[in-house]
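Visitor: Just need the structure, nothing else, for what follows:
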Amino acid sequence: ESPEATAETIAASAEEIWPTKDFGLIPIPKRLQYDPIKPFHFGILLNVSFGFASTFIVANLYYCQPLLIEFSKSFDVTYEEVSRIPTLVQAGYLVGLILISPLGDLVRRRQLVLLLVTVSTALTIGLAVTKNLRVFETLSFLIGVATVTPQILMPLAADLAPPERRASALSVVLSGLMLGILIARVLAGVIGNFTTWRVVYYMSIGVQSLVLIGAYLMLPDYPSKNRDLTYFQILFSMTKYAVTEPLVIQVAIINIASSACFTSFWVTLTFLLGGPPYYYSTLIIGLFGLVGMLGVFLGPFAGRLIDKLVPWYATLVATSLLLVSQAVQTAAGGINVAAVVIACFGLDIARQAQQVSMTTRVLSISSGARARLNAILILSLFIGQVMGTSVGTQVFVQHGWRACSLLMLALQAFQIIVLLLRGPHCSRKRWFGYEGGLEARQRVVLEGVISRSSEGEKVEHDPEAQMETSNAT
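Guide: Next up is the predicted model:
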């Protein structure tokens, strides 16, 4: 597009009247109102606020897991009846991923986030006060549906961050997400142990209220995308991306296998450490989660390294580290606890780096479809979690820790094979190949794209995606 055309587009955007109120009622702080002439500065403070919001919202999915015994006593029902609660929460989350998160490509994200956090906070009030198990189960399902705010913030971070800092921005949000998963179980377990389980949900109401206030005061308004599409067209196009885009399919396959390995490791770790030769207590086993938390805090530093590489190479390095960490666990996980600690840390940091690099690649396919593309990635992760939990547990119980670890080692190797089928600069519609060379430095690739664009060469795909990463070209 010529500079003259770009100037005309900006001028036309400037003449359009942009909203100054949320939901037509609540004034948007002036500094957060959209202005096409003065784009938002996506600084570290806003980035970190996205991460913390993800932490405290995603925790809604996991508070219930350590509290099942307390629920059983409080509602005077069997363990089997309360065991439905975590399943209902996750089922609701799956529904939200499919039906709500794609709305990020259709409506204003600020309004969507404020609405979702308001709904989840209101539903949590119901959880804290109800004395009826059926009401609790219904509200748990609905909270799962509403807890997709992090999947709205992830594509928004990709939109707001400059291309050279996109992986770093995504890694901060992802770190917040993983921290929420880890910390929710710990907080719920500790609070539930010393007081009533209802206090956990009172706390949740408080932190979600803080997220809501923070979102109102810090979240910039951003215009809706794809105004020419309907909701059902958005859902159909998400399905189309999932079955016609080679890169999306490749990354989804890797994500399913990687998520299965990661989930299987953490689920079966309790069995491994609680049995011979360790016989550790529940408290000591729980402390291994702190090793995983260290990996979460190092995630943003990995994101800075990923920004310097073509994402394909970052994925290759991360997947190779996953393979090495799993090999350590396979060799000595049931013999020496040091091997378990090394595997815990290596798998956690490598899995996070892999997910950031793959998300960066996929979100570069189309700037107008990032919410849908992200939803596909999270759905593939969800499928992997279910597979890892069921298959990993069954193999561990029937054949032991080494057989389970060997199976996961084979899945880690499978990921590298799938990755190597398409090179770092393979064109968007090509299923296999290594066209475009093997350049690994992101800076060199970006300079080449800018140079070709300035010389008037045809830009084949999404122009923004070409500027962001060569994987979409």
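Visitor: pLDDT score for the residue nearest the centre of the chain?
Guide: Central residue of the chain (CA atoms, centre = their mean): Leu174, 5.4 Å from the mean position. You'll see Leu174 listed with a pLDDT of 84.
Visitor: so how far is Asn47 from it?
Guide: 11 Å (CB to CB, to the nearest Å). Where you see a C-beta, it was placed from the backbone N, CA and C, and this is true even at glycine.
Visitor: picking up where we left off before, doesn't the residue nearest to the centre of the chain fall inside a helix?
Guide: Yes: secondary structure of Leu174 (DSSP: H, G, I helix; E, B strand; the rest coil): part of a helix.
Visitor: Now do it against Val200, distance only.
Guide: Distance from Leu174 to Val200, by CB to CB: 25 Å.
Visitor: do Phe236 as well
Guide: 40 Å.
Visitor: quick one, which of these two is more surrounded?
Guide: Val200 (25 against 12; other CB atoms under 10 Å).
Visitor: Just the buried residues of the helix or strand containing that one, please?
Guide: Per DSSP states H and E, Val200 falls inside helix 198-218. For helix 198-218, a neighbour-count test (16 or more other CB atoms under 10 Å) marks 198, 200-205, 207-208, 211-212, 215-216 as buried.
Visitor: before we move on, what about stretch 120-132?
Guide: In stretch 120-132, residues buried by neighbour count (16+ other CB under 10 Å) are 120-121, 123-124, 126-128, 130.
Visitor: just curious, which of these is nearest to Leu229?
Guide: Ser120 (26.5 Å; CB to CB).
Visitor: which residues does that closest one contact?
Guide: Residues in contact with Ser120 (CB atoms under 8 Å, 6 or more residues apart in numbering) are 57, 60, 143, 146-147, 149, 208.
Visitor: Please tell me how far it sits from Ser357.
Guide: 30 Å.
Visitor: how deep is Gly189 tucked in, by neighbour count?
Guide: Neighbour tally, Gly189, other CB under 10 Å: 17.
Visitor: Would you mind writing the CA trace of stretch 111-130 as CSV?
Guide: C-alpha atoms of stretch 111-130 as CSV (Å, rounded to 0.1, in the frame of the first residue of the first chain):
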residue,chain,number,x,y,z
GLN,A,111,-16.2,-4.1,26.6
LEU,A,112,-16.0,-7.8,26.3
VAL,A,113,-13.4,-8.1,29.0
LEU,A,114,-15.3,-5.8,31.4
LEU,A,115,-18.5,-7.8,30.8
LEU,A,116,-16.9,-11.2,31.3
VAL,A,117,-15.1,-10.2,34.5
THR,A,118,-18.4,-8.7,35.8
VAL,A,119,-20.3,-11.9,35.1
SER,A,120,-17.7,-14.2,36.6
THR,A,121,-17.5,-12.0,39.8
ALA,A,122,-21.3,-12.0,40.1
LEU,A,123,-21.4,-15.8,39.7
THR,A,124,-18.7,-16.3,42.3
ILE,A,125,-20.9,-14.5,44.8
GLY,A,126,-23.5,-17.2,44.2
LEU,A,127,-20.8,-19.9,44.8
ALA,A,128,-19.8,-18.4,48.1
VAL,A,129,-23.3,-18.2,49.5
THR,A,130,-25.3,-21.1,48.1
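Visitor: Could you give me the buried positions within the host helix or strand of Phe345?
Guide: Using DSSP H and E, Phe345 maps to helix 337-363. Residues of helix 337-363 classed as buried by neighbour count (16+ other CB under 10 Å): 337, 339-340, 342-363.
Visitor: moving C-terminal of that helix, what's the next helix or strand?
Guide: Per DSSP H and E, the helix or strand that comes after helix 337-363 is helix 370-399.
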